[in-house]
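**Q** Prediction below, plus the sequence it came from.
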Amino acid sequence: MDAMRLIPAIMIVLLACSPSAQAKRAAARDENHVAVSLISEQTALVPGKTAWLGIVLKHQPHWHTYWVNPGDSGLPTKLHWQLPPGFKAGDIAWPAPQRFSAGEVYNFGYAGQVLLPVPVEVAADAKPGSMARLIVEAKWLVCREECIPGKATLKLSLPVASAASPDRRSSKLFAGARAAQPQSAAWSADARLNGDRIDAVLHGTDLPPAAGLDAFTAQMRVLACAPPQVSQDGDTLHLSFAKSEYFAAPPATLELVVVSGTPAQARSITAPFAATPAISSKP
Amino acid sequence: MISRLVTFTTAALLSCVSAAVFASATIGAAAPAFSLTDSNGKPHALADYKGKVVVLEWNNPDCPFVRKHYGSGNMQKQQAEATAAGAVWLTINSGASGKQGDLDGAGANAYIAKVGAKQTAYLLDADGKVGHLFGAKTTPHMFVIDKDGVLRYMGGIDSIASTDADDLAKATQYVPQALAELATGKAVSVPTAQPYGCSVKYGG
């Protein structure tokens, strides 16, 4: 514990000695392995409308943070907002995750640069011409193989106005985050328990190829984290997952995020879940 | 039909392969037998402790989740209370040589002294065999085995996945809960919970 307490103290000393503000920020970033900032999609907040804000996580090479379901280990990034009266932040609109593996332990999350978008309802009675101060405490766990918890309080002041225009500095990031959102697929699907596995069958005319396909669920204690076995049969994709060792009860539906292609395209699909195994799949 | 058959066969084969990698310990079934050497070179077999409740705790001293529970004293308190009540508490380190948190016997003893740990023994599992046998994925990752050698709890140490000691007061501590229930002849009310923590630093 003493050693842990000492490290921030050393950091502060190092930071105080560094020659410029820029160097200070760079030093903090190196120590944290991820640079975190708060941005807005638009230049102003419009009363009664939804504004999109976002947390940018810029990871050092080989380091990653986590999706809402972190996988076998890790922790999802968490946000705690302090907003003016009448403002309300929604949940993170999680971009589709990447898969990381360390031996047999699998994790879901983000490397490189990622934007976690958050919708914020602007108070209907916010006064145009005033400034609104938006504060978020972000907590994350950043891991390579070893893990380091981090937190930061991020602040942004934006004018309240009757109309807003896109902030050119952030539009590319928000466009990227939109492209990384799972899009609802028009496939039909069902899922069932099959011994110690969970099988999902997807039907559709625009299914992605089985090769290179991966699938995830944000639901905890349903699927094990190893990649699914995937096979294609015409307009049908068969996905077979190991059942979570911590499977508690069959969910009403299996919510899948199916990721394929380069650049990755993510689709979401809800499969009604049958707790009884299919007769045809019994050995 | 053939393609479907091939898929199911492949899935069956693959599930056998993964079973060989990570055996899964099962609640209500006999816990896998194992034997490991502790930080003082003394062997401990699970079979030695028949007739006693055994708690297994996966450990990596440098993991922030482990530090949460040792830094706050939560782990030591649970160890002290469990052993005072007659249980055997075995801390296991499955970190491979050279990985984060890997300790030799002397290192483990220094760690125990530094944090004031109160376990029965600190077992070294550098080849990860016992970790795989139990399907230990995280540090911490907890298991409770009853007096008859049957697995009664596996999963996270408590109900709030975080690295913040501030969360301890609000969290349900699953091991003391399971031990109290076993002591009064009750069924363990929460036999599994999602484990949370750092990944166990297996080799290979």
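**A** It's in. Residues are numbered from 1 along each chain as shown, chains lettered A, B, ... in the order given.

**Q** Around chain B, pick out the residues from the stretch 1-150 of chain A.
**A** A:1, A:4, A:72-75, A:102-105, A:107, A:139, A:141, A:143, A:145-149 (C-beta under 8 Å from any C-beta of the partner chain). Backbone N, C-alpha and C define where each C-beta goes, glycine included.

**Q** What's the ChimeraX line that selects buried ones from these?
**A** To isolate the buried members of these in ChimeraX, using 16 or more other C-beta atoms under 10 Å in any protein chain shown:
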select /A:72,73,74,75,102,103,104,105,107,139,141,143,146,147,148,149
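
**Q** so residue 37 bridges to which residues?
**A** You didn't pick a chain, so chain A it is. A:Val56 (DSSP bridges).

**Q** please go with chain B instead
**A** B:Pro43, B:Leu124.

**Q** Would you map the helices across the chain?
**A** Unless you meant another one, I'm taking chain A. Ranges of helices within chain A are A:2-17, A:21-32, A:171-179, based on DSSP state H.

**Q** hmm, I had chain B in mind actually
**A** Shown for chain B, the helices assigned by DSSP H span residues B:2-21, B:64-71, B:74-84, B:105-115, B:129-134, B:174-183.

**Q** who's in contact with residue 42?
**A** Picking chain A for this. A:Ala51, A:Trp52, A:Ala164, A:Ser165, A:Pro166, A:Asp167 (C-beta atoms under 8 Å, 6 or more residues apart in numbering or on different chains).

**Q** not quite, I wanted chain B
**A** B:Lys42 touches B:Ala121, counting by C-beta under 8 Å, 6+ apart.

**Q** give me the low-pLDDT residue ranges for the chain?
**A** Answering for chain A, as no chain was given. For chain A, applying pLDDT under 70 flags the ranges A:1-30, A:277-283.

**Q** To clarify, I was referring to chain B.
**A** B:1-23.

**Q** what about 80?
**A** Across chain B, the ranges flagged by pLDDT under 80 are B:1-24, B:204.

**Q** What residues are bridge-paired with the nearest residue to A:Lys78 once chain neighbours are set aside?
**A** Of all residues not flanking A:Lys78 in the chain, A:Lys139 sits nearest, at 4.8 Å (C-beta to C-beta, 6 or more residues apart in numbering or on different chains). Under DSSP bridges, the beta-bridge partners of A:Lys139 are A:Lys78, A:Lys151.

**Q** right, and A:Lys139 touches A:Thr65 too?
**A** No: A:Lys139 lies out of contact with A:Thr65 (C-beta atoms under 8 Å); the separation is 10.4 Å.

**Q** okay, and the common contacts of the two?
**A** What both A:Lys139 and A:Thr65 touch, as defined by C-beta under 8 Å, 6+ apart, is the set A:Thr77.

**Q** Roughly how far does B:Arg138 sit from chain A?
**A** Careful, residue B:138 is Thr and not Arg. Distance from B:Thr138 to chain A, counting by C-beta to the nearest C-beta, to the nearest Å: 5 Å.

**Q** and the closest residue to that residue other than its chain neighbours, what does it touch?
**A** Nearest non-adjacent residue to B:Thr138, counting by C-beta to C-beta, 6+ apart: B:Gly197, 3.5 Å away. Counting by C-beta under 8 Å, 6+ apart, B:Gly197 touches A:Ser73, B:Cys63, B:Phe65, B:Val66, B:Thr138, B:Thr139, B:Pro140, B:His141, B:Gly156.
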